[in-house]
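Enquirer: okay, here's the prediction I keep looking at, along with the sequence it came from:
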Amino acid sequence: MIALLLAQTIAITGGTVYPVSGPKLVNASVLIRDGRIVAVGTNVSIPSGATRIDASGKWITPGLIDGTGQIGLVEISAVPGTREASVQGDTIAAAFNVAEGINPASTLIPVTRIEGITTALAVPTGNLVSGQAALIDLDGATIEQMLVKSPVGIVADLSERAKDNAGGSRAAVADRLRGVFRDALEYERRKVDFGRAQMRPLSASAADLEALLPVLHARVSLIAYANRRSDIETALRLAKEFKLKLILTGAAEGWEIAPAIAAAGVPVLVEPLNNIPSYDALGIRYDNAAVLAKAGVKVALLEPDTHKSRNLRQQAGNAVSCGMTWDQALRAVTLAPAEIFGVADRYGSLEPGKVANVVVWSGDPFEFTTGVEHVFIRGKEVPLTSRQTELFERYRKLPPTY
């Protein structure tokens, strides 16, 4: 649901526009009206009365989309009272949707958006099946105003972490997931019998089994965390077996089987800066995203640390330094995640009719020294202030001490 907060016409003129869906446009304009993009090009007619923003010498891109994290769901990791991303008491929590736990007033939201990130996936954590992820814009006074799509998918964990939720073995993780999927299909066939208690006990609650049905009918994605090659292969096996619409997250050893991932048509959410081996991913390497992209995998980049979501563009810059092309990296933080999350008809590129999430940069957004000059979310310019900038201004000039 999109709530347009401001009815006005804005013209961003004279900049180098990177639509993502097409080639860059030099000395071009982006025209925004009522929260939507109405024109992009070098010969855009600017109506009288439009608010003009001179972007001469600047770069204009779509707002960046972060593919994972708990933005709005966690404030201080060490304080349980500020964490809303997980539900306790059951390893299968498919019915748990994080949306109503999102805090629109989170101080992490302005910290993130002033670095050009305008949209993020809020993801549940913990458990074998963690729950339902929601895509949000990083502006709005209410959850309804922020929501872009809910649910985007149901999150499952096939990484090393999941073993504790299935008796301590990766094989048990796969077996448990298969059992839950089969029980959900059995529940669907025999709802009347279930309601009358005329069938065997099932491996999850009715609400969780019901929530899994859209996944099992490929209407909603299964977002699966998997890093080790064998875990990725297990995820691909499950997706083929149950005809799932799969999104791989992490996929640290994905480069080892990039052709197989590409052949399966499975997109991948990757953190380019992660290069520290662990027993979950001994084969991790910096050029993972580049190798996957070269093999034809649809790749979106992410910053998994919610408190560092602002570093998404640095993740993209490092992906370029490790083999991705610049155009691939820009697409991987804009249009590719929009396509993966099923919102590319509204998000991810600068095209007429799309939601006006637009960023004006002082230069190349993947260069460390580049600054953000303007951020528009749903056609509304958001202030480039956060608690961090306010503290900086407050203490930049200290009173004299005697």
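Expert: Looks like it arrived, so ask away.

Enquirer: in its sheet, what does the longest strand seen in the chain sit against?
Expert: Counting by DSSP state E, the longest strand found in the chain is strand 147-157. If you go by DSSP bridges, strand 147-157 pairs up with strand 129-137 (antiparallel), strand 221-226 (parallel).

Enquirer: what residues are up against Ser21?
Expert: Leu335, Ser349, Leu350, Glu351 (CB atoms under 8 Å, 6 or more residues apart in numbering). C-betas here are computed from N, CA, C, even on glycine.

Enquirer: what do you get if the cut-off is 6 Å, keeping everything else the same?
Expert: Ser349, Glu351 (CB atoms under 6 Å, 6 or more residues apart in numbering).

Enquirer: then Leu269?
Expert: Listed by CB under 6 Å, 6+ apart, the contact partners of Leu269 are Gly67, Thr249, Ala300, Leu302.

Enquirer: got it, and Pro124?
Expert: Ala85, Val98, Ser130, Gly131, Val155.

Enquirer: the same query, at a cut-off of 10 Å, please.
Expert: Listed by CB atoms under 10 Å, 6 or more residues apart in numbering, the contact partners of Pro124 are 70, 73, 84-87, 93-94, 96-98, 101, 130-134, 151, 154-155, 223.

Enquirer: likewise for Asp157?
Expert: Going by CB under 10 Å, 6+ apart, Asp157 touches 91, 125-130, 163-166, 173, 177, 223-226, 231, 249-250.

Enquirer: now intersect these with the helices, please.
Expert: Among the contacts of Asp157, DSSP state H puts Val173, Leu177, Asp231 in helices.

Enquirer: surely Gly49 meets Arg33?
Expert: No - look at Gly49 against Arg33 with CB atoms under 10 Å: they stay out of range, at 11.1 Å.

Enquirer: okay, and the common contacts of the two?
Expert: Gln8, Thr9.

Enquirer: so between these two, which is more surrounded?
Expert: More crowded of Gly49 and Arg33, by other CB atoms under 10 Å: Arg33, with 17 against 7.

Enquirer: burial count for the residue nearest to that one when sequence neighbours are not counted?
Expert: Of all residues not flanking Arg33 in the chain, Thr9 sits nearest, at 4.7 Å (CB to CB, 6 or more residues apart in numbering). The burial count assigned to Thr9 is 17, neighbours taken as other CB under 10 Å.

Enquirer: what's the answer for the one 5 residues further on, then?
Expert: By the criterion of other CB under 10 Å, Gly14 has 18 neighbours.

Enquirer: the helix or strand it falls within pairs with which strands?
Expert: Here Gly14, judged by DSSP states H and E, is contained in strand 9-17. The pairing partners recorded for strand 9-17 under DSSP bridges are strand 25-33 (antiparallel), strand 51-54 (parallel), strand 59-62 (parallel).

Enquirer: output the contacting helices and strands for the following helix or strand past the first one.
Expert: Using DSSP H and E, the helix or strand that follows strand 25-33 in sequence is strand 36-41. Under the contact criterion of 3 or more CB pairs under 10 Å, 6 or more residues apart in numbering; DSSP states H and E, the helices and strands touching strand 36-41 comprise strand 9-17, strand 25-33.

Enquirer: return the set of buried residues in strand 36-41.
Expert: Buried residues in strand 36-41, counted by 16 or more other CB atoms under 10 Å: Arg36, Ile37, Val38, Ala39, Val40.

Enquirer: contacts only, for the second one.
Expert: Going back to what we said before, that points to Ile37. 19, 30-31, 62, 349-358, 376, 379.

Enquirer: how about 7 Å then?
Expert: Ile37 makes contacts with Val30, Leu350, Glu351, Pro352, Gly353, Lys354, Ala356, as judged by CB atoms under 7 Å, 6 or more residues apart in numbering.

Enquirer: what's the farthest-apart pair in those residues?
Expert: Val30 and Gly353 (12.9 Å; CB to CB).

Enquirer: and these two? Which one has more around it.
Expert: When Val30 and Gly353 are compared for neighbours, Val30 comes out ahead with 27 against 9, by other CB under 10 Å.

Enquirer: verify the stated contact: that one with Val40.
Expert: Yes - between Val30 and Val40 there is a contact under CB atoms under 7 Å: 5.3 Å.

Enquirer: tell me, what's touching those two both at once?
Expert: What both Val30 and Val40 touch, as defined by CB under 7 Å, 6+ apart, is the set Val17, Leu350.

Enquirer: quick one on the thing from earlier: looking at the contacts of Ile37, which are in helices?
Expert: Among the contacts of Ile37, no member falls in helices (DSSP H).

Enquirer: and Ala289, what does it touch?
Expert: Val270, Pro272, Val299, Leu301, Ala319, Met324.

Enquirer: between those, which is nearest Phe366?
Expert: Distances from Phe366 to these, taken by CB to CB, are shortest for Ala319, at 8.6 Å.

Enquirer: would you confirm that that closest one contacts Leu301?
Expert: Yes - using CB under 7 Å as the test, Ala319 is close enough to Leu301 to be in contact (6.0 Å).

Enquirer: what residues do the two have in common as contacts?
Expert: Contact criterion CB under 7 Å, 6+ apart; residues shared by Ala319 and Leu301: Pro272, Ala289.

Enquirer: Ile76: which element?
Expert: Applying DSSP H and E as the criterion places Ile76 outside every helix and strand.

Enquirer: got a pLDDT number for it?
Expert: For Ile76, the model assigns a pLDDT of 91.

Enquirer: isn't it up against Gln70?
Expert: No - with contacts defined as CB under 7 Å, Ile76 does not count as touching Gln70, sitting 11.8 Å away.

Enquirer: just to revisit the earlier point, quick one: which of the helices and strands packed on strand 36-41 is nearest Thr401?
Expert: strand 9-17 (45.8 Å).

Enquirer: give me the contacts around the closest one.
Expert: By CB under 7 Å, 6+ apart, the residues outside strand 9-17 that reach it are 24-33, 40, 46-47, 49-56, 58-60, 350, 358, 360, 379.
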